[in-house]
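Novice: Give me the fold of what follows.
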Amino acid sequence: MAKAGDFYVGSQLFCGAAENLGAPIPPVGLGVGPTKIRGAGFIAGPLIIGSPISYTSAPNVNEANLMIARCGNAEAVPPPPSIVKVSSRGFPPTPIDVVIGDILGPVGIAGHALTINMLVDTITTLTCPKTFIIGIINALGFKVMTGAEIRAAIKAETGAHVQAGAKVRNGVEVTNGIKITNALNSAPISKAPVHIGRATGNKSFDIPHARKKGKRIRHVCLEGPEAAIYIRGRLSNKNEIQLPEYWDGLIDPETITVSLTQIGSSQDLMVDKIEWGKKIIIKSGNASAIDCFYEVKAARYIDPENHDEKLHVVYDGDSPADYPGNNDNYIIGGYQQ
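Specialist: Below is the predicted model:
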């Protein structure tokens, strides 16, 4: 092998035969004759740049046509910190400064990185029929999605979730644990948890059948023009129904109603009186011993601190934000987001 010191090529450098599988193919892109590009070069490869120990495994066994490794030149002091660097410094950047594969020649990309750090000044576009990501994804900032999203896994979120637009769920949604919504009572409607959309009309729940495998039960919630609560039970050999202590100040005593179901015989039962909204006295019109089921209902105050606040059942408006009363007292349900 010939050995030389500094070597200068004033026109073009060719190393190896310009051919493909034995057929001559001159690199016409470098120019031919008077059109040749001065300073251009051709290397048939394989080519190693940097320390050969990163790729040398056996004679005539090469891992790639172009192999780039960390600099092993002892005279390069300090050694270059990077193995490969691509820069447009001194020139304006373009969207195709670095191209890996194209429509006519797609390539596979395999990588094993210690870390990946990217700073993108404008936008990142990834077009892919299917993407698999294994591991934890941490996102800081806004996330905008257009199209369908399918998840088969656990999703945990910490922080605010803001949505503008339609959200459609097909199937069963199960929440295990506690769901807490924190909002200030003094918050205006624009900050309250209000979902704007099409009224579903049915607030329901769906659960597995308790005894028949493969069957389910769906019930729809009771609705009415008040914030009603109730208690029920059985009254036997006594005539007083004690109302819960926490009802004091919570419910409007004027809205209390009582339903009685006689057990065993006709007892001609009636409500004798309701004392101070704390207990109900029952009496029998034929002096029978009392034995009955009871159900007591009452309407909660819409605002426990302002008993004059009433529910507006029907009102003019295009959304819950147009409600004429104090929206701070409500969490609006029954809407598809």
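Novice: Within the helices and strands, which one has Met67?
Specialist: strand 66-68 (DSSP states H and E).
Novice: distance between the helix or strand just after that strand and the chain's centre?
Specialist: Counting by DSSP H and E, the element after strand 66-68 in chain order, helix or strand, is strand 204-208. Computed by Cα atoms, centre = their mean, to the nearest Å, the chain-centroid distance of strand 204-208 equals 23 Å.
Novice: Could I get the CA-only coordinates of strand 204-208 as CSV?
Specialist: C-alpha atoms of strand 204-208 as CSV (Å, rounded to 0.1, in the frame of the first residue of the first chain):
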residue,chain,number,x,y,z
SER,A,204,-78.4,6.3,33.2
PHE,A,205,-76.1,3.6,34.6
ASP,A,206,-75.2,0.2,33.2
ILE,A,207,-73.9,-2.7,35.4
PRO,A,208,-73.4,-6.5,35.1
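Novice: Begin at 110, not 1, for the rest of this chat.
Specialist: Understood, numbering begins at 110; the last thing we discussed is strand 313-317.
Novice: Show me what that strand is packed up against.
Specialist: In this structure, strand 313-317 packs against strand 325-329, with contacts taken as 3 or more Cβ pairs under 8 Å, 6 or more residues apart in numbering; DSSP states H and E. Quick note: C-beta positions are derived from backbone N, CA and C, even for glycine.
Novice: picking that back up, pairing partners for the strand holding Met176, with directions?
Specialist: strand 156-158 (parallel) (DSSP bridges).
Novice: Which residues belonging to the strand it pairs with are considered buried?
Specialist: Ile157 (16 or more other Cβ atoms under 10 Å).
Novice: hang on, the earlier thing: which residues are in contact with the strand holding Met176?
Specialist: 154-159, 163-164, 192-193 (Cβ atoms under 8 Å, 6 or more residues apart in numbering).
Novice: Mind putting those residues into TSV with pLDDT and distance to Phe314?
Specialist: As requested, these are exported to TSV (pLDDT from 0 to 100; distance: Cβ to Cβ, whole Å):
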residue	pLDDT	distance to Phe314
Gly154	87	67
Pro155	90	67
Leu156	91	68
Ile157	92	67
Ile158	93	66
Gly159	91	65
Ser163	88	62
Tyr164	87	63
Ile192	93	59
Val193	94	58
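Novice: What is the most widely separated pair among those residues?
Specialist: Gly154 and Ile192 (18.2 Å; Cβ to Cβ).
Novice: So, low pLDDT: which residues of the chain?
Specialist: 256-310, 442-446 (pLDDT under 70).
Novice: Outline the domain layout of it.
Specialist: 122-177, 337-408 (automatic domain parsing).
Novice: Just name the most buried of these.
Specialist: Highest mean neighbour count among those (mean count of other Cβ atoms under 10 Å): domain 337-408, with a mean of 14.
Novice: and Val137, what is it in contact with?
Specialist: By Cβ under 8 Å, 6+ apart, the contact set of Val137 is empty.
Novice: give me every residue that touches Asn182.
Specialist: Going by Cβ under 8 Å, 6+ apart, Asn182 touches Pro188.
Novice: between the contacts of strand 175-177, which is nearest Thr240?
Specialist: Distances from Thr240 to these, taken by Cβ to Cβ, are shortest for Val193, at 25.6 Å.
Novice: Excluding chain neighbours, what is closest to the closest one?
Specialist: Ile177 (5.8 Å; Cβ to Cβ, 6 or more residues apart in numbering).
Novice: how close does that neighbour sit to Thr255?
Specialist: 39 Å (Cβ to Cβ, to the nearest Å).
Novice: a helix runs through Gly119, doesn't it?
Specialist: No: assigned with DSSP: H, G, I helix; E, B strand; the rest coil, Gly119 falls outside any helix and is coil.
Novice: still on that earlier bit, output the domains of the chain in TSV; the columns should cover distance to Ile243.
Specialist: Output for the domains of the chain, formatted as TSV (distance: least, Cβ to Cβ, whole Å):
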stretch	distance to Ile243
domain 122-177	26
domain 337-408	49
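Novice: Need the three-state assignment for the residue nearest to Ile340 when sequence neighbours are not counted.
Specialist: Using Cβ to Cβ, 6+ apart and skipping the chain neighbours, the partner closest in space to Ile340 is Val405 (5.2 Å). What three-state DSSP gives for Val405 is strand.
Novice: Wasn't Ile340 part of a strand?
Specialist: Yes: counting by three-state DSSP, Ile340 is part of a strand.
Novice: wouldn't it be in contact with Ile389 here?
Specialist: No: counting by Cβ atoms under 8 Å, Ile389 is not a contact partner of Ile340; they are 10.4 Å apart.
Novice: Common neighbours of those two, please.
Specialist: Taking Cβ under 8 Å, 6+ apart as the criterion, Ile340 and Ile389 both touch 352, 405.
Novice: List the contacts of Gly210.
Specialist: 216, 218.
Novice: how near is it to Gly150?
Specialist: 23 Å.
Novice: swap in Ala396?
Specialist: Taken as Cβ to Cβ, the span from Ala396 to Gly150 is 118 Å.
Novice: again with Phe314
Specialist: Distance from Phe314 to Gly150, by Cβ to Cβ: 73 Å.
Novice: again with Gly342
Specialist: Where Gly150 is concerned, Gly342 sits at a distance of 95 Å (Cβ to Cβ).
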